[in-house]
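1. Attaching a predicted model along with its sequence, questions to come.
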Amino acid sequence: MFDLQLWGAALGVLALFAFAGWLLSLPIRNVSIVDSMWSLMFLLAALTYAVELDSIGPRGWLVVVLVGTWAIRLAAYITWRNHGHGEDFRYQQIRANNQPGFAFKSLYIVFGLQAALAWVISLPLLAAVNSTAPLGWLDAAGVALWLVGLVFEAGGDWQLSRFKANPANRGKVLDTGLWRYTRHPNYFGDFCVWWGFFLIAVSAGGWWSVAGPLVMSFLLLKVSGVALLEKDIGERRPAYRDYVRRTNAFFPGPRRAA
């Protein structure tokens, strides 16, 4: 069931969280911290839906646990990965393109925008938590798809971190493990996680929440994911061009002949 008041409560919580992140970014001049906050926004939304309701059913608890597992792992990994590296080059470009006054503009260009996107994407969580219907086969399918996504995302992150930790791999391209079948196993994993949440929402009658995974898919494929990272990577890393020719961009598949 769609509950506008409940959804609105989540917007208020996310706005406060985004505002706190913006305040923290000012003295350290680093808006990259929003990447660590991103997944936690969904956990906050799910917890808001759960707390605001008088009681939640098994589906609601299931979704809170799944969101928490995914969100905390991703936030911890990104925080560890970015520690000590300063502001990410993507945000440096955004900062340069929005001067003067980026310090204030980042409140809505970076933090406010991500909070608004998380609010819309969280619709399947709203549908699932605000449901007392018994669990069914679609819930099982959703959990299975979520698990596939977590394996690709966490597995891809782990493989890449090990690869980068080896000085002998400097300048090379990771093309083994999950990275042999897709150039972006972590983004594909996110894709599966959110369509898994949608299947659980559908089991609760929440077909209307399809906007959530659609927006996430668009971001992963066309905006901040594949398209942004590969915009000029072939110029910066010539070895990557051969990798592109042989490996699927997003959906896993067999290696193509060079």
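-> Arrived safely, thanks for sending.
2. Just say helix, strand or coil for Ser131.
-> The assignment at Ser131 comes out as coil when based on DSSP: H, G, I helix; E, B strand; the rest coil.
3. so it makes contact with Arg59?
-> Yes - in this structure, Ser131 sits in contact with Arg59. The criterion is Cβ atoms under 8 Å, and the distance is 5.3 Å. (C-beta placed from N, C-alpha, C; glycine too.)
4. so what sits against both of these two?
-> Overlap of the contact sets of Ser131 and Arg59 (by Cβ atoms under 8 Å, 6 or more residues apart in numbering) consists of Ala204.
5. roughly how far apart are Val148 and Leu199?
-> The gap separating Val148 from Leu199 is 12 Å, by Cβ to Cβ, to the nearest Å.
6. Which one's more surrounded, the two?
-> Taking neighbours as other Cβ atoms under 10 Å, Val148 and Leu199 compare with Leu199 leading, 21 against 16.
7. for the more buried one, what are its contacts?
-> Applying Cβ under 8 Å, 6+ apart to Leu199 gives the contacts 138-139, 141-142, 145.
8. Let me have the residues you listed in TSV, adding distance to Met216, pLDDT and secondary structure as columns.
-> Formatted as TSV, the entries for the contacts of Leu199 read as follows, by distance: Cβ to Cβ, whole Å; pLDDT from 0 to 100; DSSP: H, G, I helix; E, B strand; the rest coil:
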residue	distance to Met216	pLDDT	secondary structure
Leu138	19	97	helix
Asp139	20	97	helix
Ala141	18	98	helix
Gly142	15	98	helix
Leu145	13	98	helix
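9. What number of residues are in the vicinity of the closest residue to Leu47 other than its chain neighbours?
-> Taking Cβ to Cβ, 6 or more residues apart in numbering, and ignoring the residues beside it in sequence, Leu47 has Val64 as its nearest neighbour in space, at 6.8 Å. Val64 has 19 neighbours, counted by other Cβ under 10 Å.
10. try Thr176
-> The local packing of Thr176 (other Cβ under 10 Å) involves 8 other residues.
11. what residue ranges in this protein score low on pLDDT?
-> When the per-residue scores of the chain are filtered using pLDDT under 70, the ranges that remain are 225, 227-237, 258.
12. just the helices in it please.
-> Counting by DSSP state H, the chain forms helices over residues 4-28, 33-52, 58-82, 89-97, 102-106, 113-121, 123-129, 137-165, 185-203, 211-218, 226-229, 233-236, 239-246, given from the N-terminal end onward.
13. do you know which of the ones you listed lies nearest Gly171?
-> helix 239-246 (7.2 Å; Cβ to Cβ).
14. Report the contact partners of Ser217.
-> Contacts for Ser217 (Cβ under 8 Å, 6+ apart) come out as 191, 194-195.
15. buried ones in stretch 67-81?
-> 67-68, 70-71, 74-75, 77-78 (16 or more other Cβ atoms under 10 Å).
16. would you list those residues in TSV and tack on distance to Ser161?
-> Formatted as TSV, the buried residues of stretch 67-81 follow (distance: Cβ to Cβ, whole Å):
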residue	distance to Ser161
Val67	23
Gly68	22
Trp70	18
Ala71	19
Leu74	13
Ala75	15
Tyr77	8
Ile78	11
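17. now, among those residues, which is nearest to Arg246?
-> Distances from the buried residues of stretch 67-81 to Arg246 were compared by Cβ to Cβ; the smallest belongs to Tyr77, at 27.1 Å.
18. so what's that closest one up against?
-> Counting by Cβ under 8 Å, 6+ apart, Tyr77 has contacts 154, 157.
19. let's go with 10 Å and repeat that
-> Residues touching Tyr77, when contacts are defined by Cβ atoms under 10 Å, 6 or more residues apart in numbering, comprise 36, 39, 153-154, 157-158, 161, 186.
20. Quick one: neighbours of the residue nearest to Trp195 when sequence neighbours are not counted, just the number.
-> Using Cβ to Cβ, 6+ apart and skipping residues adjacent in sequence, the residue nearest Trp195 is Pro213, 5.0 Å away. Here the count is done by other Cβ under 10 Å, and Pro213 has 22 residues near it.
21. Great, nothing more from me.
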